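>>> with the sequence up front, the predicted model follows.
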Amino acid sequence: QSVLTQPPSASGTPGQRVTISCSGSSSNIGGNYVFWYQQLPGTAPKLLIYRSNQRPSGVPDRFSGSTSGTSASLAISGLRSEDEADYYCAAWDDSLSGYVFGTGTKVTVL
Amino acid sequence: QVQLQQSGPGLVTPSQTLSLTCAISGDSVSSNSAAWIWIRQSPSRGLEWLGRTYYRSKWYNVYAVSVKGRITVNPDTSKNQFSLQLHSVTLEDTAVYYCAREHYSSGANYGMDVWGQGTTVTVSS
């Protein structure tokens, strides 16, 4: 079961900015890097953000990540129709000695 | 370009062993800059990290608490692949299973940047 808590849904119109939160604890987000993954329907997750705020090559700079204490956020600016997907946060958990994932947020472009 | 190709049965009988293989191209299972991971996804449990194997002068395995005692992740250097075995499966183990690469550079974790295509595994009699 997911240890990191995300809102189940978020939405916006094209061009808007959408922010997704990810709440954890001191054993995961509070002490380790956060990763964000995008999952389009029927496909494997794709790495979007690593080390809390770094983008792999090829990921648009419309996507940005940040952390504060035991929470993390993913922001999507200039929302586009192709951003409609599920988004998951993840972090290493020192207490569990394994990765934990968020509950997932479905982003809808209105 | 690194690619992962999964193979294995899509149907497993309860109490039996689930076995999947992930073939690697474009990288080496023995790489000092990677860890090789299994993850599963189901509606009831969401995304769940299962375990990883990696080589740093010797082989290491780390498993999730939720499946420890039932899971084995093994590298196969002769075929450049790694495998997942999950023993004594129940209906709760029905999920889409993914293999993935966790990439490291100069000791820094760059995340799970390459994923297999996913295998839907159903546990049913």
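Yep, it's here. All of these numbers come straight from a predicted model, not from anything done at the bench.

>>> contact residues of chain B facing chain A?
B:45-49, B:51, B:62-65, B:98, B:100, B:108-113, B:115-118 (CB under 8 Å from any CB of the partner chain). For the C-beta atoms, the positions are set from N, CA and C on the backbone; glycine is no exception.

>>> can you show me the strands along chain B?
Along chain B, the stretches classed as strands by DSSP state E are B:3-7, B:11-12, B:18-25, B:34-42, B:46-55, B:59-63, B:71-76, B:81-86, B:95-105, B:108-115, B:119-123.

>>> who's in contact with the longest one?
Strand B:95-105 has contacts (CB atoms under 8 Å, 6 or more residues apart in numbering or on different chains) with A:44-45, B:2, B:4, B:6, B:18, B:20, B:22, B:24, B:27, B:32-42, B:45, B:48, B:52, B:54, B:82, B:84, B:109-116, B:118-121.

>>> given the longest strand along chain A, what are its sheet partners and their directions?
In chain A, taking DSSP E as the definition, the longest strand is strand A:85-93. Sheet pairing for strand A:85-93, assigned by DSSP bridges, gives strand A:34-39 (antiparallel), strand A:98-101 (antiparallel), strand A:105-109 (antiparallel).

>>> buried subset of the contacts of strand B:95-105?
A:44-45, B:4, B:6, B:18, B:20, B:22, B:24, B:27, B:33-41, B:45, B:48, B:52, B:54, B:82, B:84, B:109-116, B:118-119, B:121 (16 or more other CB atoms under 10 Å in any protein chain shown).

>>> counting neighbours, what do you get for residue B:55?
Summarising burial for residue B:55: neighbours were counted as other CB atoms under 10 Å in any protein chain shown, giving 18.

>>> so what's it up against?
B:29-32, B:75.

>>> inside helices: which ones of these?
With DSSP state H as the criterion, helices contain none of the contacts of residue B:55.

>>> looking at the residues you listed, which has the most residues close by?
With neighbours taken as other CB under 10 Å, the top of the contacts of residue B:55 is residue B:29, carrying 23 neighbours.

>>> for that residue, give me phi and psi.
In terms of degrees, to the nearest 10, the main-chain angles of residue B:29 are phi -60, psi -20.

>>> how about the contacts made by it?
By CB under 8 Å, 6+ apart, the neighbours of residue B:29 are B:36, B:53, B:55, B:75-77, B:80-82.

>>> the residue nearest to residue B:74 when sequence neighbours are not counted pairs with what?
Spatially, and ignoring its direct neighbours in sequence, residue B:74 is nearest to residue B:83 (5.1 Å; CB to CB, 6 or more residues apart in numbering or on different chains). With DSSP bridges as the criterion, residue B:83 is bridged to residue B:21, residue B:74.

>>> run through chain A and note the low-pLDDT ranges.
The model of chain A has pLDDT under 70 over residues A:1.

>>> what does it put close to chain B?
So chain A meets chain B at A:1-2, A:33, A:35, A:37, A:43-47, A:49-51, A:54, A:56, A:88, A:90, A:96-104 (CB under 8 Å from any CB).
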